[in-house]
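[1] The following block contains a protein sequence and its predicted model.
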2 protein chains.
Amino acid sequence: MVADEELGGDSVKVLPARLGDMIVTEVSAAPVRPNPHGVESKTIYDCEQGQIVHLTIRPGQGLKKHITPVDVAFYVVEGECEVEIGEEKERVGPDTLVESPAGIPHTLRNPGASQLRVLVMKLPRPVEKSVLL
Amino acid sequence: MVADEELGGDSVKVLPARLGDMIVTEVSAAPVRPNPHGVESKTIYDCEQGQIVHLTIRPGQGLKKHITPVDVAFYVVEGECEVEIGEEKERVGPDTLVESPAGIPHTLRNPGASQLRVLVMKLPRPVEKSVLL
């Protein structure tokens, strides 16, 4: 074994591989989950350390302003996104990550003419409930 | 306040918003970080709960097989990706999430004719080092 240059070390435990270790989830095949925002929401990763949700937001559509009990990172996959966090508002395009700290009211909106797709990453998975404002 | 239908509750602490709560990171503007795989690697999120790295992998290029001390999720943003985790190998396309458990040797390769872009999400941020095999 050669230690990774950036990370280095050889103290990592190598575990025996088992069939089924690889879990593949296609967004197109993932089930839509009803939600109070009325957007297309698909949970594609759901572990104690984090949850990843794929949202499709139509032009003019947005989330209701809400508070999440954990830190959230948004990654814009496609389209234009207007993000409001606390008193700040910004319009961002594809391949942009926006950090939204726990406990701060925030929302997303699609100000564009085509669909907006966003990955919502909650770290770690919330044990408390989100609150709509 | 109206409780979120799916999550409900109103026990979440609302924190006072401060300027700078919103952190915006564009992949195009993020610095490239040298790495032993020789791919274009940009860390776009780096917190205790998790790290998100954006990789651009050229056709024919791939990562060296390695072990990561935490669970990893790969999200294919663009292109075709050959993922190998333990004994399993699969080719996946855009908008697919692949889970790779901690401690299992794994690698990614671009088998396509155009660039591959992948988000690598490590949950939580590793405190031990990755190991190349």
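    Ah, there it is.
[2] From what I see, residue A:44 and residue A:30 are in contact.
    Yes - at 5.4 Å, residue A:44 counts as touching residue A:30 under the criterion of Cβ atoms under 8 Å. All C-beta atoms are positioned from the backbone trio N, CA, C, and that covers glycine.
[3] Compare these two (neighbour count), which wins?
    residue A:44 (20 against 16; other Cβ atoms under 10 Å in any protein chain shown).
[4] Distance check, that one against residue B:129.
    With distances taken as Cβ to Cβ, to the nearest Å, residue A:44 is found 28 Å from residue B:129.
[5] With residue A:114 instead?
    Counting by Cβ to Cβ, the gap from residue A:114 to residue B:129 is 42 Å.
[6] re earlier: shared neighbours of residue A:44 and residue A:30, which are they?
    Shared contacts of residue A:44 and residue A:30 (Cβ atoms under 8 Å, 6 or more residues apart in numbering or on different chains): residue A:54.
[7] Chain A: strands as residue ranges?
    Ranges of strands within chain A are A:2-3, A:23-26, A:40-47, A:50-57, A:66-67, A:71-78, A:81-85, A:88-92, A:96-100, A:106-109, A:116-123, A:131-132, based on DSSP state E.
[8] Quick one, which of these gets closest to residue B:106.
    When these are compared by Cβ to Cβ, strand A:23-26 sits nearest residue B:106, at 12.4 Å.
[9] in the closest one, what's buried?
    The neighbour-count check on strand A:23-26 (16 or more other Cβ atoms under 10 Å in any protein chain shown) flags residue A:25 as buried.
[10] Against which helices or strands is it packed?
    strand B:88-92, strand B:96-100 (3 or more Cβ pairs under 8 Å, 6 or more residues apart in numbering or on different chains; DSSP states H and E).
[11] So what's the gap between that strand and the chain middle?
    16 Å (Cα atoms, centre = their mean, to the nearest Å).
[12] do the same with stretch A:47-58
    4 Å.
[13] Does chain B have contacts with that stretch?
    Yes - legend: contact between stretch A:47-58 and chain B by Cβ under 8 Å from any Cβ of the partner chain is shown at A:47, A:49-50, A:52, A:54.
[14] Kindly report the same for stretch A:31-38.
    Yes - interface with chain B: stretch A:31-38 contributes A:33-36 (Cβ under 8 Å from any Cβ).
[15] buried subset of the residues you listed?
    Those of the residues of stretch A:31-38 next to chain B that meet the buried threshold are A:35-36, by 16+ other Cβ under 10 Å.
[16] For the residue nearest the centre of chain A, give me its contacts.
    A centroid search over chain A (Cα atoms, centre = their mean) returns residue A:120, at 1.4 Å, as the residue closest to the centre. Residue A:120 is in contact with A:52-55, A:72-74, counting by Cβ under 8 Å, 6+ apart.
[17] filter these to the buried ones?
    A:52-55, A:72-74.
[18] burial measure for the spatially closest residue to residue A:86 that is not a sequence neighbour, as a count.
    Distances taken as Cβ to Cβ, 6 or more residues apart in numbering or on different chains place residue B:17 nearest to residue A:86, at 2.4 Å, with adjacent residues excluded. For residue B:17, the neighbour count with other Cβ under 10 Å is 17.
[19] Does stretch A:90-105 reach chain B?
    Yes - looking at stretch A:90-105 against chain B by Cβ under 8 Å from any Cβ, the contacts come from A:90, A:92, A:95-105.
[20] buried stuff in that stretch?
    In stretch A:90-105, counting by 16+ other Cβ under 10 Å, buried: A:92, A:94-105.
[21] Return the distance of it from the chain's centre.
    Computed by Cα atoms, centre = their mean, the chain-centroid distance of stretch A:90-105 equals 10 Å.
[22] Pull up the distance across it, start to finish.
    15 Å (Cα to Cα, to the nearest Å).
[23] could the buried residues of stretch A:90-105 go into a markdown table alongside distance to residue A:67 and pLDDT?
    Below are the buried residues of stretch A:90-105 laid out as a markdown table (distance: Cβ to Cβ, whole Å; pLDDT from 0 to 100):
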| residue | distance to residue A:67 | pLDDT |
| --- | --- | --- |
| A:92 | 21 | 98 |
| A:94 | 27 | 98 |
| A:95 | 27 | 98 |
| A:96 | 22 | 98 |
| A:97 | 20 | 98 |
| A:98 | 16 | 98 |
| A:99 | 15 | 97 |
| A:100 | 10 | 95 |
| A:101 | 10 | 94 |
| A:102 | 8 | 93 |
| A:103 | 6 | 92 |
| A:104 | 7 | 94 |
| A:105 | 5 | 94 |
